[in-house]
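> sequence unknown, structure follows:
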């Protein structure tokens, strides 16, 4: 597995990294375990100070980190700056709340005069985080901030096309005062990942990535009897009801599908519009996508960046061709994108029949699937006709009714009048083929702790 940093806009190779050796992997695990023995005993106050330091360094160097992500991964510079800010917010959130979230819980039990029962949240040990390229900092912050705050130590296996971001994140943590070994980046191979998961000093694995990667890692964790969390693909439904405010809804639809060039697990991939307004929505949405400007992601006027790599762009183009071969209609929209770089022409897919397998795919790029629903009930049916269950949204002038519709959608997250969003103080995760487990807030920090019961009993023995 080659770790290469390549600019998706120019195609230029920036730098490459050698794989971590097997000997280095063994040494890194040992250091992480040794550091855990002391880090787990540090106070919440000391851990919080380091988390605050991380947030401060991120905010003070936002231009440096954002530029790195834009050049290496291809996202718009404005989006990269927003990602740095969100990452800082996550570290601040756990600096402020970790101790409260893990406060020992006294249980209300029968015979409380004889039995005292308290649940304590204790860190497990070394954890492995396997993270994707689409959000090089935010995805890492989502697991690192809560689990370090809980007292665990982390090994990072980042995506092979963002090695500079991975290296920068490790240096960031050390600069903030984190002890050596508490967080370490590895340029590991696939075989080394199974070795790490199987090591008895490693107690869990968190993965964000593809279904195939999640299936492999979950199986490896299962064989090793280790806890795992998976955040996988998504095909979020974007339901538009008859009373939706059309202009506002269309604007959110264009943004919700094309931010990060559509390379977001929770972007609005399936737009489901009730029949009475379908044609108006399609006309307005097409006009909105046409206004996007493809170009250099460092240019402030650019609103559509390249995909992360030529391979990613080729995969999307192939999926479009296959969808059409099964009967879908593909309409390319907007001014032509540059012929150089990893660009994909924004495409709208319609007439996707019930027997078209593309109906159940995740298009990780600027491809929109539009479905005509007979009514609200049919819209919910189409939304739930998916192997994924990550996020979703409902647009209506009646928020209360929108919430009622949201309750009928089988996903981990649903937003009314907004595409699925990510914030430091909201949980993140899904069901079905979108994975299991939750990240962020209290749900996230408690994924990898031992919920230990300590009970003091004052009862005479029966004999």
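Yep, it's here. Because the structure is a prediction, the values reported are computed rather than measured.
> how does the chain divide into domains?
The chain breaks down into these domains under automatic domain parsing: 3-232+434-454, 237-416.
> between these, which one is nearest to residue 424?
Closest to residue 424 of those is domain 3-232+434-454 (C-beta to C-beta; 3.9 Å). Using the backbone N, CA and C atoms, a C-beta is placed for each residue, glycine as well.
> what pLDDT does residue 49 get?
Residue 49 carries a pLDDT score of 98 in this model.
> next, it: phi, psi?
phi -60, psi -40 (degrees, to the nearest 10).
> excluding chain neighbours, what is closest to residue 351?
Leaving aside its sequence neighbours, residue 351 sits nearest to residue 329 (C-beta to C-beta, 6 or more residues apart in numbering; 4.4 Å).
> that should have said residue 435, apologies.
Nearest residue to residue 435 in three dimensions, chain neighbours excluded: residue 230, at 3.5 Å (C-beta to C-beta, 6+ apart).
> so what's the residue count around the one you found?
Each residue near residue 230 was counted by other C-beta atoms under 10 Å, and the total is 24.
> quick one, helices of the chain?
Along the chain, counting by DSSP state H, helices occupy 22-39, 44-60, 62-73, 77-101, 138-150, 163-175, 190-198, 211-223, 246-258, 275-290, 310-325, 376-384, 399-406, 441-445.
> winner for burial among those?
Comparing the helices of the chain by mean neighbour count (mean count of other C-beta atoms under 10 Å), helix 138-150 ranks first with a mean of 26.
> follow-up on the earlier one: so the residue nearest to residue 351 sits right up against residue 347, yeah?
No. Using C-beta atoms under 8 Å, residue 329 is not in contact with residue 347; the gap is 10.2 Å.
> more neighbours: those two, which one.
Using other C-beta under 10 Å as the criterion, residue 329 and residue 347 rank with residue 347 on top: 23 against 12.
> correct me, but the more buried one touches residue 366?
Yes. Residue 347 lies in contact with residue 366 (C-beta under 8 Å); the separation is 7.0 Å.
> for the chain, give me the ranges with low pLDDT.
Applying pLDDT under 70 to the chain flags residues 1.
> residue closest to the middle of this protein?
For the chain, residue 139 is the residue whose C-alpha lies nearest the centre (C-alpha atoms, centre = their mean; 5.6 Å).
> ok, now which ones touch the closest residue to that residue other than its chain neighbours?
Spatial nearest neighbour of residue 139, chain neighbours left out: residue 131 (4.5 Å); criterion: C-beta to C-beta, 6+ apart. Residues in contact with residue 131 (C-beta atoms under 8 Å, 6 or more residues apart in numbering) are 139-140, 143, 156-159, 207-209.
> and these, which two are furthest apart?
Using C-beta to C-beta, those reach their maximum pairwise distance at 143 and 159, which is 14.1 Å.
> burial count for the closest residue to residue 93 other than its chain neighbours?
In this structure, residue 93 finds its nearest non-sequential neighbour in residue 424, 4.4 Å apart by C-beta to C-beta, 6+ apart. Neighbour count for residue 424, taken as other C-beta under 10 Å: 21.
> would you confirm that residue 424 contacts residue 96?
No. The pair residue 424 / residue 96 is not scored as a contact, 10.1 Å apart, by C-beta under 8 Å.
> my guess is residue 149 contacts residue 92. True?
No. Look at residue 149 against residue 92 with C-beta under 8 Å: they stay out of range, at 11.1 Å.
> could you tell me which residues touch both of these two?
Between them, residue 149 and residue 92 share these contacting residues under C-beta under 8 Å, 6+ apart: residue 51.
> sorry, back to before: now distance to residue 461 too, for the domains of the chain, in JSON lines please.
Output for those, formatted as JSON lines (distance: least, C-beta to C-beta, whole Å):
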{"stretch": "domain 3-232+434-454", "distance to residue 461": "13"}
{"stretch": "domain 237-416", "distance to residue 461": "48"}
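> for residue 462, find the nearest of those domains.
domain 3-232+434-454 (13.5 Å).
> can you tell me the distance between the two ends of that closest one?
Counting by C-alpha to C-alpha, to the nearest Å, you get 46 Å between the two ends of domain 3-232+434-454.
> check stretch 239-250 too.
11 Å.
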